[in-house]
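Peer 1: from the sequence below, what's the structure:
(one chain, ligands or ions: 2)
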Amino acid sequence: MEIFTHLEKYDYEQLVFCQDKNSGLKAIIAIHDTTLGPALGGTRMWTYESEEDAIVDALRLAKGMTYKNAAAGLNLGGGKTVIIGNPRTDKNPEMFRAFGRYIQGLNGRYITAEDVGTTEQDMDLIHLETDFVTGTTSYAGASGNPSPVTAYGVYKGIKASTKEAFGNESLAGKRVAVQGVGNVAYALCEYLHQEGAELIVTDINKNAVKRAVDAFGAKAVDPNDIYAVDCDIYAPCALGATINDHTIPILKAKVIAGSANNQLQTTNHGDIIHEKGIVYAPDYVINAGGVINVADELVGYHSERAMKKVEMIYDSLERVFEISRRDNIPTYVAADRMAEERIQSVRNSRSQFLLNEQHILSKR
Ligand SMILES: NC(=O)C1=CN([C@@H]2O[C@H](COP(=O)(O)OP(=O)(O)OC[C@H]3O[C@@H](n4cnc5c(N)ncnc54)[C@H](O)[C@@H]3O)[C@@H](O)[C@H]2O)C=CC1
Ligand SMILES: CC(C)CC(=O)C(=O)O
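Peer 2: Ligands and ions are numbered 1, 2, ... in the order given. Predicted structure coming up:
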């Protein structure tokens, strides 16, 4: 990959490679855009097949955070980290402390939190070296694991999407195919089950599947079979790019709404599902609950206030669907427009130099 060509094409600000041989840390911090404020986005730990795959993932996820934070009305830019390694076997405390020092070196341009493969205990270790970390448990005003809050936002978003597709938001008797039953999706299944939805679940981790089957009477299917199951709603809650040339022809769902980041393999796939009449809840709009929750730490964490903001995901999606219907454009385009308009309006008003503008960030 020609890195600078790629950074220029998608307007990335910064890519940071972090290496610490004592702990085995190999991390990539991608900062996409800080027009709205410091870049906030989680740290993913994953076994990438190549370094290039890790860079591409960091870049795609960071850009998604710019749009997510803008669409959620947060005064924050977009960034993300990936740590190369197996989260089950390769972690050690020194790794997260070394990583924390790299974050501190960015002096507030990037603030981290949890993502796939990292936990609030990892955030606590990072916090030993920097204040630019959220989702910790280790001090007054810390918000802890964001996943349950993300799940609540996704649940609200599924209801808004169901209303758009079926005329009312009730999930009673709806068949929901949930891909991945990890931190977010397990909590999501609880909400769906409580409302009388019928659950079909899959995961590459057999224990995760068993937990959902035992708790919610979910039906289990093999990972490759989830796309073709007879269902009303497909909820991708594992990794990205599952809406692609192979899956679209076999999907039976009328709604696609889940927590995974970067669900569309390419934007073209967003166009195809639009033409097929599938209601797609843009990933970064529906899964913003976690970042809304951790961002509240930056202004003195207040759980109720954060949850109220998370409920607005329902309204944001209604707006996206309305723009999509009105202009006959795919929902991902409608969401991008909403986010880009907000970033552009702030960019336009930032023409003068200010010595220390940190204090105004909270008022935008
Ligand atoms: N945790 C959070 O607050 C947020 C998470 N997200 C996104 O939601 C998704 C899920 O996140 P978490 O629940 O935190 O992660 P997690 O790691 O707890 O859960 C993901 C689950 O997906 C399973 N999985 C992986 N590949 C799979 C495959 N091919 N087929 C079936 N299952 C597979 C894993 O075994 C795991 O159980 C990720 O894409 C993440 O980036 C987005 C916003 C916030
Ligand atoms: C707190 C988070 C989970 C933020 C993030 O990285 C995300 O929303 O994907």
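Peer 1: list the contacts of A334.
Peer 2: Going by Cβ atoms under 8 Å, 6 or more residues apart in numbering, A334 touches 282, 320-321, 323-324, 327. From N, CA and C alone the C-beta is placed, and that goes for glycine too.
Peer 1: buried subset of these?
Peer 2: Taking 16 or more other Cβ atoms under 10 Å as the criterion, what is buried in these is 282, 320-321, 323-324.
Peer 1: pick out whichever of those sits closest to ligand 1.
Peer 2: P282 (12.5 Å; Cβ to the nearest ligand atom).
Peer 1: keep the contacts of A334, but drop any that are not near ligand 2.
Peer 2: With Cβ under 6 Å from any ligand atom as the criterion, the contacts of A334 include none near ligand 2.
Peer 1: tell me which of those is nearest to ligand 2?
Peer 2: Lowest distance from ligand 2 to the contacts of A334 (Cβ to the nearest ligand atom) belongs to P282, with 13.1 Å.
Peer 1: excluding sequence neighbours, find me the nearest residue to the residue in the chain that ligand 2 sits nearest to.
Peer 2: Among the residues of the chain, G42 lies closest to ligand 2, at 2.8 Å counting by Cβ to the nearest ligand atom. The shortest distance from G42 to any residue other than its chain neighbours is 3.2 Å, reached at D115 (Cβ to Cβ, 6 or more residues apart in numbering).
Peer 1: OK, contacts around the one you found?
Peer 2: D115 makes contact with 41-44, 61, 80, according to Cβ under 8 Å, 6+ apart.
Peer 1: which members of those occur in strands, if any?
Peer 2: Within these, residues falling in strands by DSSP state E are 43-44, 80.
Peer 1: for the stretch 1-150 of the chain, which segments count as strands?
Peer 2: Counting by DSSP state E, counting those that start in this stretch, the stretch 1-150 of the chain has strands at residues 14-20, 25-33, 39-40, 43-46, 77-84, 110-111.
Peer 1: of those strands, which is nearest ligand 1?
Peer 2: Nearest to ligand 1, of all these, is strand 43-46, at 6.7 Å by Cβ to the nearest ligand atom.
Peer 1: which bits of the stretch 251-364 of the chain sit near ligand 1?
Peer 2: Contacts of the stretch 251-364 of the chain with ligand 1, taken as Cβ under 6 Å from any ligand atom, map to 259-261, 287, 290.
Peer 1: closest to A253 out of those?
Peer 2: Minimum separation from A253 among these (Cβ to Cβ) is found for A260, which lies at 14.4 Å.
Peer 1: so how far is R109 from the residue of the chain found nearest ligand 1?
Peer 2: Ranked by Cβ to the nearest ligand atom, the top residue of the chain for proximity to ligand 1 is G182, at 1.8 Å. Separation of G182 from R109 (Cβ to Cβ, to the nearest Å) stands at 29 Å.
Peer 1: then G180?
Peer 2: As judged by Cβ to Cβ, G180 and R109 stand 31 Å apart.
Peer 1: settle it for me: which of those two has more neighbours?
Peer 2: Taking G180 and R109 together and counting by other Cβ atoms under 10 Å, G180 has the greater number of neighbours (27 against 18).
Peer 1: give me the number of residues near the residue lying closest to the more buried one once chain neighbours are set aside?
Peer 2: Leaving aside its chain neighbours, G180 sits nearest to A238 (2.9 Å; criterion: Cβ to Cβ, 6+ apart). Neighbour count of A238, defined by other Cβ under 10 Å: 21.
Peer 1: kindly report the same for E304.
Peer 2: Using other Cβ under 10 Å, the number of residues around E304 comes to 8.
Peer 1: mind checking which helix or strand it is in?
Peer 2: Element membership for E304 (DSSP states H and E) is helix 303-327.
Peer 1: and I200, which of the three is it?
Peer 2: Three-state call for I200 (DSSP: H, G, I helix; E, B strand; the rest coil): strand.
Peer 1: around S316, count how many other residues there are.
Peer 2: Neighbour count for S316, taken as other Cβ under 10 Å: 23.
Peer 1: state the distance from the nearest residue in space to it that is not next to it in sequence to N86.
Peer 2: For S316, ignoring the flanking residues on the chain, the nearest one in space by Cβ to Cβ, 6+ apart is V285 at 5.4 Å. Taking Cβ to Cβ as the measure, V285 falls 31 Å from N86.
Peer 1: so which of those two has more stuff around it?
Peer 2: Using other Cβ under 10 Å, the more surrounded residue of V285 and N86 is V285, with 26 against 11.
Peer 1: wasn't the more buried one part of a helix?
Peer 2: Yes - when three-state DSSP is applied, V285 is found to be in a helix.
Peer 1: my guess is it contacts R319. True?
Peer 2: No - using Cβ atoms under 8 Å, V285 is not in contact with R319, being 9.2 Å away.
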